[in-house]
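Let's see this in three dimensions:
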Amino acid sequence: MSDIGIHLPWWAPLLSFFPGNIGRFVVPLLLCTVAAFALSAILGRPLITALRRASARQIAYEDAPQTHQSKTGTPTMGGLLFGLAPLVALVVAPFRETAALAVLIYGCMAIGAIDDVAKIRGQQNRGLRARTKFALTAIVAVVFLLVAGPQYTSFVGIGAVPPWLWYGLSIVVVVSTTHAANLTDGLDGLLSGVAIPPLLVLVIAGYLAEVRVGDDGMAAQAVAAAMLGAVLGFLLYNRHPARLFMGDTGSLAVGGALAGGAILTHTQLFLPIIGGVLAAETLSVIIQVVSYKSTGRRVFRMSPLHHHFELAGWPETKVTSGFWLASLVLSVLGLALISLTA
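Next up, the predicted model:
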């Protein structure tokens, strides 16, 4: 791993409190998670105040379930708190790959922020076109890969593949994961809670990558742990009834963190499993659009999938908790498969 700062981490003395190699996993995890959580929790309240003063407020979609109309006026762009995660990670793990992940997360945040501002100013929930967001996230993905530098062009469970395939798929992973996260962010606390288990898996995958190929996994481990802390802190304000929404600013950042972490730990092929809820949400939209355009019929009451359950009579909190549980189960399954094949 390329060091952009010091050679010996400043937290190295803390390793003596842990036996064997365990400290290399536990210490950065705790430092990143606790620091990012504390900062996010502390700064959440003043951010809400600032967003209210700036009139950065959510506008419910006209075709969303009727119960969502009460959410209009809630401060949005709370995903700005996720910008704390890369900073914390860089302090703990000042490596080139950490900087690359910071570029990816901030790039995705910037695209989301532009989209959010356009929606707020237009007062019609219409921001950037989908094709524009796809193109911009693809560009950010390319920059991320260039900053990260040469990687082992291999996948866990398969081994080495042609570089063009590895890099091509990595770009697809960034674009698809960021926008899957964006689709999932539709209920109070939904994406926040759904993202926690996959982020934990990436922390462990980072450790496994360290064991397998050296320091390669430290950056992913630090960033995933920091993002985990930031999301937990944000969830204090985003749980039902939400006082703050993350907006596209946050959802694209979360998707970028998941995609980037999977790429640096070579676990891209397992992302559809550990991020299975995001995959299901995206698939529901694709199925709905294809079915309606080809047959005129809808497969789901409404897509993305969480709206289908809402219209089926499930309370919002039941849908959210059910999706959280599904994310946990799928993440455990994905981690088991990664451990078996790593």
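
Out of the helices and strands in the chain, which is least certain?
In the chain, no helix or strand scores lower on mean pLDDT, DSSP states H and E than strand 154-155, which sits at a mean of 76.

Need the contact partners of that one.
Strand 154-155 is contacted from outside by 160-161, 166, 266-269, using Cβ atoms under 8 Å, 6 or more residues apart in numbering. Any C-beta I mention is one placed from the backbone N, CA and C, and that applies to glycine too.

quick one: the helices in the stretch 201-342 of the chain?
218-238, 247-264, 271-274, 276-295, 305-311, 316-341 (DSSP state H, counting those that start in this stretch).

tell me, how many neighbours does the closest residue to Gly261 other than its chain neighbours end up with?
Ranked by Cβ to Cβ, 6 or more residues apart in numbering and with sequence neighbours excluded, the top spatial neighbour of Gly261 is Leu202, at 3.9 Å. Applying other Cβ atoms under 10 Å, we find 33 residues neighbouring Leu202.

picking that back up, give me the next element, helix or strand, following the least confident helix or strand of the chain.
The C-terminal neighbour of strand 154-155 among helices and strands, as given by DSSP states H and E, is strand 159-160.

could you give me the average pLDDT of the top helix by length along the chain?
Assignment by DSSP state H gives helix 23-53 as the longest helix of the chain. In this model, helix 23-53 has an average pLDDT of 91.

And stretch 169-185, by the same measure?
Mean pLDDT, stretch 169-185: 96.

again with stretch 140-148
Mean pLDDT, stretch 140-148: 95.

cool, stretch 90-103 as well?
Averaged over stretch 90-103, pLDDT sits at 93.

Any buried residues in it, and which?
90-95, 97-103 (16 or more other Cβ atoms under 10 Å).

out of those, who's nearest Val173?
Of all these, Val173 sits closest to Leu101, with 13.5 Å by Cβ to Cβ.

Look up which helix or strand the closest one falls in, please.
Using DSSP H and E, Leu101 sits in helix 96-122.

Residues contacting stretch 84-94, please?
Contacts of stretch 84-94 (Cβ under 8 Å, 6+ apart): 3-6, 9, 11, 28, 31-32, 35-36, 39-40, 43, 98-99, 101-102, 105-106, 218-219, 221-223, 225-227, 229-230, 257.

and with 7 Å instead?
Stretch 84-94 has contacts (Cβ atoms under 7 Å, 6 or more residues apart in numbering) with 3-6, 11, 28, 31-32, 35-36, 39-40, 98-99, 101-102, 105-106, 218-219, 222-223, 226-227, 230.

Nearest the middle, which residue of this structure would you pick?
Val254 (2.1 Å; Cα atoms, centre = their mean).

quick one: that residue and Leu191 touch, right?
Yes: between Val254 and Leu191 there is a contact under Cβ atoms under 7 Å: 6.3 Å.

Now list whatever residues contact both of those two.
Joint contacts of Val254 and Leu191 (Cβ under 7 Å, 6+ apart) are Ala181.

Look up the pLDDT of the residue nearest to the centre of the chain for me, please.
Model confidence at Val254, given as pLDDT, is 98.

so who does it touch?
If a contact means Cβ under 7 Å, 6+ apart, then Val254 has 82, 181, 191, 195, 231 as its contacts.

May I ask which helix or strand encompasses the fourth one?
When elements are assigned from DSSP H and E, Ala195 belongs to helix 190-213.

What is that helix packed up against?
helix 23-53, helix 163-184, helix 218-238, helix 247-264, helix 316-341 (3 or more Cβ pairs under 7 Å, 6 or more residues apart in numbering; DSSP states H and E).

about what we covered before: output the contacts of Val254 in a markdown table, with distance to Gly250 and neighbour count appended to each entry.
A markdown table is the format used below for the contacts of Val254 (distance: Cβ to Cβ, whole Å; neighbours: other Cβ atoms under 10 Å):
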| residue | distance to Gly250 | neighbour count |
| --- | --- | --- |
| Phe82 | 5 | 30 |
| Ala181 | 9 | 31 |
| Leu191 | 8 | 32 |
| Ala195 | 10 | 28 |
| Val231 | 9 | 29 |
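
Include distance to Glu281 when you put those into CSV, please.
Below are these laid out as CSV (distance: Cβ to Cβ, whole Å):
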residue, distance to Glu281
Phe82, 19
Ala181, 9
Leu191, 9
Ala195, 12
Val231, 17
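
Quick check: neighbours of the least confident helix or strand of the chain in the sheet, parallel or antiparallel?
strand 159-160 (antiparallel) (DSSP bridges).

My guess is Met77 contacts Thr249. True?
Yes: Met77 lies in contact with Thr249 (Cβ under 7 Å); the separation is 4.8 Å.

so what sits against both of those two?
With Cβ under 7 Å, 6+ apart as the test, Met77 and Thr249 both reach 113, 116.
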